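Chemist: Sequence first, then the predicted structure, then my questions.
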Amino acid sequence: MCNLFVNQMVKSYKVLFFSFLMMLCLSSCSPRIQSIDGMLDGIKANPEVLILHRDSVRFTISGSIPLKFLNKDARVLLYPEYVYAGTALRLGEIIPFDGVFNQAVGEAQFSTNYLIPFLPGMEKGELQIRPVYQLKDKLYTGSAKVLGVGVTTVPLLTRMSQVRSDQPIPDIGVYLTTDFSGINSTENRSYEASFQLGRDRLVGNEMPAALQNLLQRGERGKTVRSIRITGLHSPETDETRDHNLAEKRAQSLRLQLENLGKKYPIETNFRKNDWFDFRVLLAEYSGIDDKLKERYIDILTSSESYESKLSSLKRLPQYAKVSKELFPKLRIAKVSITLANNDFTNPEIAASVYKLLMEGKAMEGFSQEHLIYAGEKAVRLQEKEMIYKKLTELYPSVLAFNNLGVVYINQAQREINLQKRRALISSAIRVFRQANGIQVTAEVYHNLGRAYLLNDNYFEAYVAISQASGMSGSVDREFVRMNEALRGALDIINGDYRLALIRFEQAPENEENFFNKGLAYFLMSDYANAVVAFEESSQLNRTSGYGFYGLAMVAAVNGDREAVYEYISRAVQTNEYLRSLAPTDMIFFKFFDDERYLRAIRGEG
């Protein structure tokens, strides 16, 4: 019994002994658990503050594992993840060293590139990496190391006429316009008064109703500037007996116009023994074929006398038919009236048109030109909307649909209600497509791109703006430059910074475009040129704050604290949007606990 107990004790001591030897072996062949954290000392992320690129975040994790951890049969596992808003986005596994297959002759170096989607809330987060050390069947887990802090959304500062708090709401889009300085300032109307055969008395003793109505009642927005009466006679025998018949007809009609009770400047004229008006009728006549018509015209344009031409015509085929159908149309006096379009110099026309539309009344007396003029002169978007809507109904055209769409996108700019805003944008896209259905133009494509931008649809916006650029030969230089500036802004959003700089070479030199140019340089880490562009922006408009904000960003990445304090203070003085952005913009994360920085963004100096 005693021997059995002794044997069991010996076995127990053997187990304890071998266990102790194993522990010694592990302690000599592997690092202590608490020392594993040191394996991350040479690992870093580039950049330290992640930067939004298009709709994703790109960065590199690289470094080396010290030689002391690279034992045979040991594996080094690294697990990076992005932690934000109470969640973690796991980024897979890195194995910089696998002792089973590798014989370490130096530090285990690695470099891994990442492209992860940018999700809401990522601005404030941490890029962490956690080590796991495996030795045969043993696993040792170390503490996570923070490699990067947050995501800076610098590209979203790109300015494309967005609405910002306490800043004026910019107008967007391009209206199609009409030059009214010399177009349609006057209008000519023609009438014909028919007379009885061989007499200077009107048929039915009445002048044309339309002529009488115009002269008695007038027409909205128009003034009779002059009246010209030309008396005629036909080659018929009863018409040629009185050699003064054409003149008498002109004078007879003049007396009747004067008896209407209104004084108009009237000029009279007449044509007798003249084939001009008959040639005009014959040119439009379809009662004979073209070959026979040429024979008639040859006689009428010959050098023969009036009577000789008449004799020659009588010998032609179908003369009886032609004379019967056309000669009676020459028993007339022609009336030509010149009207002045007063409304094109009347600032009240837009209000008048809008009032009629609001009252649901007809647009009697208003032509297409009047409505176009009214739309251009209207100040309020509500007025423009109603006028251009009526234009699309009465006179559908590229101008009508395009300008209605421009009204919609500007209304969407100002709409707070999200549902109404989306409805306005959808309406704009619809009418822009209708405009392009009539005629494809660069201006309409530009405006379509603007509508897509309001929906944050950068892809479709870029396609439309690029199509507008491809049609630059049909538009003026200023439009091309403005369109290229917007295209360059979209290049920044798309991450094509070098291409953006090429666009900005053609862009108008204004405060917004210089700021965007500075952003492109900044995102390429060309800080010297970024400073030049941001300074140009601030000089052109010192109250917008954007140029100073850009200079503060450059100072932050260069570690120039004094410059950061100065420029961020200037940036937020007149711009509430930038004031609200500065405390959370990760480009300034090293200053979030800096009291001088906090005082500067509070406007306390």
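Modeler: Great, that's in hand. Numbering: from 1, shown residues only.
Chemist: how close does residue 530 get to residue 489?
Modeler: Separation of residue 530 from residue 489 (C-beta to C-beta, to the nearest Å): 16 Å. Any C-beta I mention is one placed from the backbone N, CA and C, and that applies to glycine too.
Chemist: neighbour count winner among these two?
Modeler: Taking other C-beta atoms under 10 Å, residue 530 and residue 489 do not tie; residue 489 has more neighbours (29 against 23).
Chemist: Hmm, residue 158 and the more buried one touching each other?
Modeler: Yes - contact status for residue 489 versus residue 158: in contact at 5.0 Å, counting by C-beta atoms under 8 Å.
Chemist: can you list residues touching both of those two?
Modeler: residue 516 (C-beta atoms under 8 Å, 6 or more residues apart in numbering).
Chemist: check which helix or strand covers residue 336.
Modeler: For residue 336, the host element (DSSP states H and E) is strand 332-341.
Chemist: next one: residue 253
Modeler: Going by DSSP H and E, residue 253 is part of helix 245-258.
Chemist: so after that helix, what's the next helix or strand?
Modeler: The helix or strand immediately downstream of helix 245-258 is strand 266-270, counting by DSSP H and E.
Chemist: helices or strands up against the following helix or strand past that following strand?
Modeler: Using DSSP H and E, the helix or strand that directly follows strand 266-270 along the chain is helix 276-283. Counting contacts by 3 or more C-beta pairs under 8 Å, 6 or more residues apart in numbering; DSSP states H and E, helix 276-283 packs against helix 290-300, helix 319-326.
Chemist: of all those, which lies closest to residue 560?
Modeler: For the helices and strands packed on helix 276-283, distance to residue 560 was read as C-beta to C-beta. The smallest value, 87.4 Å, belongs to helix 290-300.
Chemist: before we move on, the earlier item: let me have the helices and strands packed on helix 276-283 in TSV, adding mean neighbour count, mean pLDDT and distance to residue 485 as columns.
Modeler: Shown next, in TSV, are these (neighbours: other C-beta atoms under 10 Å; pLDDT from 0 to 100; distance: least, C-beta to C-beta, whole Å):
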stretch	mean neighbour count	mean pLDDT	distance to residue 485
helix 290-300	13	94	58
helix 319-326	15	95	63
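Chemist: Specify the stretch among those that is closest to residue 248.
Modeler: helix 319-326 (22.1 Å).
Chemist: Distance from the closest one to the middle of the chain?
Modeler: Distance of helix 319-326 from its chain centroid, counting by C-alpha atoms, centre = their mean, to the nearest Å, is 62 Å.
Chemist: Got the confidence number for the closest residue in space to residue 516 that isn't next to it in sequence?
Modeler: If the residues on either side of it in the chain are set aside, residue 516 comes closest to residue 489, at 5.3 Å by C-beta to C-beta, 6 or more residues apart in numbering. Looking at residue 489, its pLDDT stands at 96.
Chemist: hang on, the earlier thing: next, the angle strand 266-270 makes with the strand holding residue 336.
Modeler: Relative orientation of strand 332-341 versus strand 266-270 (axes from the mean of the first three to the mean of the last three C-alpha atoms, to 10 degrees): 150 degrees.
Chemist: who are the neighbours of strand 332-341, in terms of helices and strands?
Modeler: Using 3+ C-beta pairs under 8 Å, 6+ apart as the contact test, the elements touching strand 332-341 are strand 186-194, helix 209-217, strand 222-231, helix 245-258.
Chemist: ranges for the helices of the stretch 301-450 of the chain?
Modeler: Along the stretch 301-450 of the chain, the segments classed as helices by DSSP state H, counting those that start in this stretch run 306-314, 319-326, 349-359, 368-377, 381-394, 398-414, 418-438, 442-454.
Chemist: so of these, which one's packed in deepest?
Modeler: helix 442-454 (a mean of 26; mean count of other C-beta atoms under 10 Å).
Chemist: so how far is that helix off the chain centroid?
Modeler: On C-alpha atoms, centre = their mean, the centre of helix 442-454 falls 3 Å from the chain's centre.
Chemist: what's that helix in contact with?
Modeler: Residues outside helix 442-454 that contact it (C-beta under 8 Å, 6+ apart): 160, 172-174, 176, 398, 402, 405-406, 408-409, 412-413, 421, 425, 428-429, 432-433, 435-436, 458, 460-465, 467-469, 471-472, 474-475, 479, 483, 486.
Chemist: if you average pLDDT over each of the helices of the stretch 301-450 of the chain, which comes out lowest?
Modeler: Lowest mean pLDDT of the helices of the stretch 301-450 of the chain: helix 349-359, a mean of 68.
Chemist: Would you mind measuring the gap between the ends of stretch 136-148?
Modeler: Counting by C-alpha to C-alpha, to the nearest Å, you get 32 Å between the two ends of stretch 136-148.
Chemist: Next: stretch 241-249.
Modeler: With C-alpha to C-alpha, one end of stretch 241-249 sits 14 Å from the other.
Chemist: Kindly reformat the helices of the stretch 301-450 of the chain as a markdown table containing distance to residue 540.
Modeler: Shown next, in a markdown table, are the helices of the stretch 301-450 of the chain (distance: least, C-beta to C-beta, whole Å):
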| stretch | distance to residue 540 |
| --- | --- |
| helix 306-314 | 76 |
| helix 319-326 | 71 |
| helix 349-359 | 33 |
| helix 368-377 | 29 |
| helix 381-394 | 28 |
| helix 398-414 | 23 |
| helix 418-438 | 30 |
| helix 442-454 | 23 |
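Chemist: Out of these, the one nearest residue 276 is which?
Modeler: Residue 276 lies closest, by C-beta to C-beta, to one member of the helices of the stretch 301-450 of the chain: helix 306-314, at 11.3 Å.
Chemist: So which other helices or strands are in contact with that closest one?
Modeler: By 3+ C-beta pairs under 8 Å, 6+ apart, helix 306-314 packs against helix 290-300.
Chemist: what about the helix it packs on, distance to the chain center?
Modeler: With C-alpha atoms, centre = their mean, you get 58 Å for helix 290-300.
Chemist: picking that back up, what lies in contact with the helix holding residue 253?
Modeler: Residues from elsewhere that reach helix 245-258 (C-beta under 8 Å, 6+ apart): 193, 195, 198-202, 207, 215, 227, 229-233, 239, 242, 264, 266, 268-272, 332-333, 335.
Chemist: quick check: mean pLDDT across it?
Modeler: Throughout helix 245-258, pLDDT has a mean value of 93.
Chemist: which residues in the stretch 501-605 of the chain form helices?
Modeler: In chain order, the stretch 501-605 of the chain shows helices spanning 511-523, 527-540, 546-558, 561-573, 576-581, 595-601, with DSSP H, counting those that start in this stretch as the criterion.
Chemist: can I get the ones you listed in TSV with mean pLDDT and distance to residue 374?
Modeler: TSV is the format used below for the helices of the stretch 501-605 of the chain (pLDDT from 0 to 100; distance: least, C-beta to C-beta, whole Å):
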stretch	mean pLDDT	distance to residue 374
helix 511-523	96	32
helix 527-540	96	35
helix 546-558	96	37
helix 561-573	95	42
helix 576-581	93	36
helix 595-601	94	48
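Chemist: Redo those as CSV? Include distance to residue 85.
Modeler: Below are the helices of the stretch 501-605 of the chain laid out as CSV (distance: least, C-beta to C-beta, whole Å):
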stretch, distance to residue 85
helix 511-523, 25
helix 527-540, 31
helix 546-558, 24
helix 561-573, 26
helix 576-581, 19
helix 595-601, 24
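Chemist: Of those, which is nearest residue 220?
Modeler: Of those, nearest to residue 220 by C-beta to C-beta is helix 511-523, at 43.6 Å.
Chemist: for the closest one, the distance to its chain's centre please.
Modeler: Centroid separation for helix 511-523 versus its chain: 20 Å, with C-alpha atoms, centre = their mean.
Chemist: State whether residue 47 and residue 58 are indeed in contact, as I suppose.
Modeler: No - when contacts are counted by C-beta under 8 Å, residue 47 is not listed as touching residue 58 (9.3 Å).
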